[in-house]
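A.B. asks: the amino acid sequence is not available; the structure is as follows:
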């Protein structure tokens, strides 16, 4: 199992343990960024993580109506979704650029290496 540190820009989001990989990798995250507090350091980023968890939950449950609503609301997070500032740092301190990760319930996460 590979271990990484997840960052957006200079904000440390948490530590990842990769448990599955294919075209996308997935695993578990131990958050360092407290997105659940009422006044997190970066409110927009915190709201995005909460939104991602909620949307992925609707998708897993097959609740198409609410998932589609969440997709429309995602427009408020396009700056984060298309941001080139998502990256991982591996155990060798190498930086791996990634596309915007998808956050799930139970501290699960999915990500994909940016091959550009």
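C.D. replies: Now that the structure is in, tell me what you want to look at. Owing to the predicted nature of the structure, the values given are computational and were not obtained by experimental measurement. Numbers count the residues shown, from 1 in each chain.
A.B. asks: by contact count, what packs against the top helix by length along the chain?
C.D. replies: Taking DSSP state H as the criterion, the chain has its longest helix at helix 43-61. When contacts are defined as 3 or more CB pairs under 8 Å, 6 or more residues apart in numbering; DSSP states H and E, helix 43-61 sits against helix 64-73, helix 78-81, strand 102-104. No exception for glycine: its C-beta is placed from N, CA and C like everyone else's.
A.B. asks: quick check, central residue of this protein?
C.D. replies: Geometric centre of the chain, nearest residue: residue 101, 3.5 Å, by CA atoms, centre = their mean.
A.B. asks: what residue in this structure is the furthest from its centre?
C.D. replies: For the chain, the largest distance from the centre (CA atoms, centre = their mean) belongs to residue 65, which lies 22.5 Å off.
A.B. asks: report the contact partners of that residue.
C.D. replies: Residue 65 makes contact with no residue under the criterion CB atoms under 8 Å, 6 or more residues apart in numbering.
A.B. asks: pLDDT at it, what is it?
C.D. replies: The per-residue pLDDT reported for residue 65 equals 94.
A.B. asks: hang on, the earlier thing: tell me which of the helices and strands packed on helix 43-61 sits most buried.
C.D. replies: strand 102-104 (a mean of 20; mean count of other CB atoms under 10 Å).
A.B. asks: select the longest strand from the chain.
C.D. replies: strand 11-21 (DSSP state E).
A.B. asks: parallel or antiparallel, which strands does that strand pair with?
C.D. replies: Looking at strand 11-21 with DSSP bridges, its partner strands are strand 3-8 (antiparallel), strand 25-31 (antiparallel).
A.B. asks: averaging pLDDT over each of the ones you listed, which comes out lowest?
C.D. replies: Across those, the lowest-scoring stretch is strand 25-31, with a mean of 93.
A.B. asks: what's the local residue count around the residue nearest to residue 12 when sequence neighbours are not counted?
C.D. replies: Nearest non-adjacent residue to residue 12, counting by CB to CB, 6 or more residues apart in numbering: residue 32, 4.9 Å away. Applying other CB atoms under 10 Å, we find 13 other residues in the vicinity of residue 32.
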